[in-house]
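In: Let's see this in three dimensions:
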Amino acid sequence: MNKSQKTKKNSLLANVLLLFMVLFLMIAAMELFLRLFFPQNLTASEFDPYLRWKHIPNFNGKFCSFVKGEFCTDYKINSKSLRDFEYNYSRNKKYRILVLGDSFTVGHGVEMEESYPKLLEKMIGRGNVEIINAGHKGTGPDNYYLGYKHEFYKYDPDMVIVGLSLSNDIDYQSLVEFNQTKNGYSLYEKTPIKDGNSIIRFRRWLGQHSHLYNFLIVSFMKNAFINNFLIKAHLFAVPWRPPFGEESYEYNLQLNKTLLLVNYLNDYLLGQNKKIMFVLIPYDSQVYPPVYKEDVMRYNITRPLDMYLPNKKIKELCREKNMACLDLTGDFIKNSNLPLFFKYDRHWNRKGHEIASKLIYEKLINITSVP
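Out: Predicted coordinates for the structure are as follows:
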């Protein structure tokens, strides 16, 4: 290599290094700008080998709607990974209720004390009862069972309330499997599970720490081409789809698995000498006919299933097994003249949580010795 070639090589290397330095400074400047003036929603969850994920202990941040002005709430997590006050595992003299559920239960979109478990606690009186909110977004009955077995049993509750979200709980059943036996079914735990590959772990790390990453994800969501590319590259999650799509073998299999899990969870908690109540949480398409029609058109569903089928099946199981169940759907429909859900985010607003807490309270005082 002659002197001229060496000079060109060194010059190219210097230009590449300069380019990387400029890009790094630009990214750092954008990250700092967003942190100071337009903070984004950081991921509040971390991987767990038994629960799939859980809240990051002592996380303290904001959670805002993708639509400006819809809501922006504090999202604070206690030292035991719950969006709630601090509670000791050891008991005191108060009646203790543990609430399991998904994003509706954890209070997605409302302040912590506006979630239905905390409104219920206030309604009964905090001098008489402790209601511990163990909800986490994106979970289902498999998480509720494993969460109680591996962690939440430590709180030794008098009663467990399970919020069954009919919008997606039928989809989240991947941590357990059922094997048919002579006496019925036995449950098999597919845990502990391994964390995802390096791309998924890096994506989660960015979600937990980078405001720029979360800003770009929200921006890309608005572009169908980029959105699909990110999904295929495992850099973004598959978007939500309504649970009343066309009938299929997979749908019926998941529904039956949900029923088995509800039955198993009921028997398991009764075996632990705990009282239990299942609360059926409606989604907006079940309450507002125009929203249902919009979903059918948006997702091009030509032969939609009965969207109340899960309600019917779970209530049949409750009657058969004499289980304490409360379906909120009918009362939400009666109050459908009110806005009970956020329009774009589609979770309950404060009014939805208020109605839910009142209905649960009325049911609760008839089946328990709550003061």
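
In: Show me the shaky parts of the stretch 151-300 of the chain.
Out: 172, 221-246 (pLDDT under 70).

In: how does it look with 50?
Out: By pLDDT under 50, the stretch 151-300 of the chain contains no weakly predicted segment.

In: tell me what the helix or strand hosting Met123 is packed against?
Out: Met123 belongs to helix 116-124 when assigned by DSSP states H and E. Contact analysis of helix 116-124 by 3 or more CB pairs under 8 Å, 6 or more residues apart in numbering; DSSP states H and E lists helix 103-106, strand 129-133, helix 350-367 as its packing neighbours. Just so you know, the C-beta spots here come from the backbone N, C-alpha and C atoms, and that holds for glycine as well.

In: Enumerate the positions of it that are buried.
Out: Buried residues in helix 116-124, counted by 16 or more other CB atoms under 10 Å: Tyr116, Pro117, Lys118, Leu119, Leu120, Glu121, Met123, Ile124.

In: just these now: which is nearest Leu166?
Out: Lowest distance from Leu166 to the buried residues of helix 116-124 (CB to CB) belongs to Tyr116, with 15.5 Å.

In: what about the closest one, distance to Tyr145?
Out: Look at Tyr116 and Tyr145: by CB to CB, to the nearest Å, they are 21 Å apart.

In: With Phe66 instead?
Out: Counting by CB to CB, the gap from Phe66 to Tyr145 is 32 Å.

In: Pick out whichever of the two has more residues nearby.
Out: Tyr145 (22 against 12; other CB atoms under 10 Å).

In: which ones are touching that one?
Out: Residues near Tyr145 by CB atoms under 8 Å, 6 or more residues apart in numbering: Val176, Leu187, Leu261, Tyr264, Leu265, Tyr268.

In: Give me the subset of these that lies in helices.
Out: Leu261, Tyr264, Leu265, Tyr268 (DSSP state H).

In: Tell me which of the helices and strands packed on helix 116-124 is the most buried.
Out: Counting by mean count of other CB atoms under 10 Å, helix 103-106 has the highest mean neighbour count of these, with a mean of 26.

In: That one packs against which elements?
Out: Against helix 103-106 (3+ CB pairs under 8 Å, 6+ apart) you get helix 116-124, strand 159-165.

In: Give me the residues contacting that helix.
Out: 83, 99, 115-117, 133, 135-138, 163, 165, 281, 347-348.

In: same thing but at 10 Å, please
Out: Contacts to helix 103-106, defined as CB atoms under 10 Å, 6 or more residues apart in numbering, come from residues 44, 55, 75, 82-84, 99, 109, 112, 115-117, 133-139, 144, 161-169, 279, 281-283, 345-348, 352-353, 356.

In: next one: stretch 182-190
Out: Residues contacting stretch 182-190 (CB under 10 Å, 6+ apart): 50, 142, 145-146, 149-150, 174-180, 257, 260-261, 263-265, 268.

In: what's the average pLDDT for stretch 109-126?
Out: Stretch 109-126 carries an average pLDDT of 96.

In: Find me the pLDDT at the most centrally placed residue in the chain, would you?
Out: Computing the C-alpha centroid of the chain and ranking residues by CA atoms, centre = their mean puts Lys137 first, at 1.4 Å. Looking at Lys137, its pLDDT stands at 93.

In: Of all the residues in stretch 284-295, which ones are buried?
Out: Asp284, Ser285, Gln286, Val287, Tyr288, Val291, Tyr292, Asp295.

In: The fourth one touches Thr329, doesn't it?
Out: This means Val287. Yes - using CB atoms under 10 Å, Val287 is in contact with Thr329, at 7.3 Å.

In: overlap in contacts of the two?
Out: By CB under 10 Å, 6+ apart, no residue touches both Val287 and Thr329.

In: hey, where'd the helices end up in the stretch 101-250 of the chain?
Out: 103-106, 116-124, 141-150, 198-209, 211-221, 224-232, 249-271 (DSSP state H, counting those that start in this stretch).

In: ok now the third one, how far from the chain's centre?
Out: Averaging C-alpha coordinates over helix 141-150 and over its chain gives two centres that are 14 Å apart (CA atoms, centre = their mean, to the nearest Å).

In: Great, nothing more from me.
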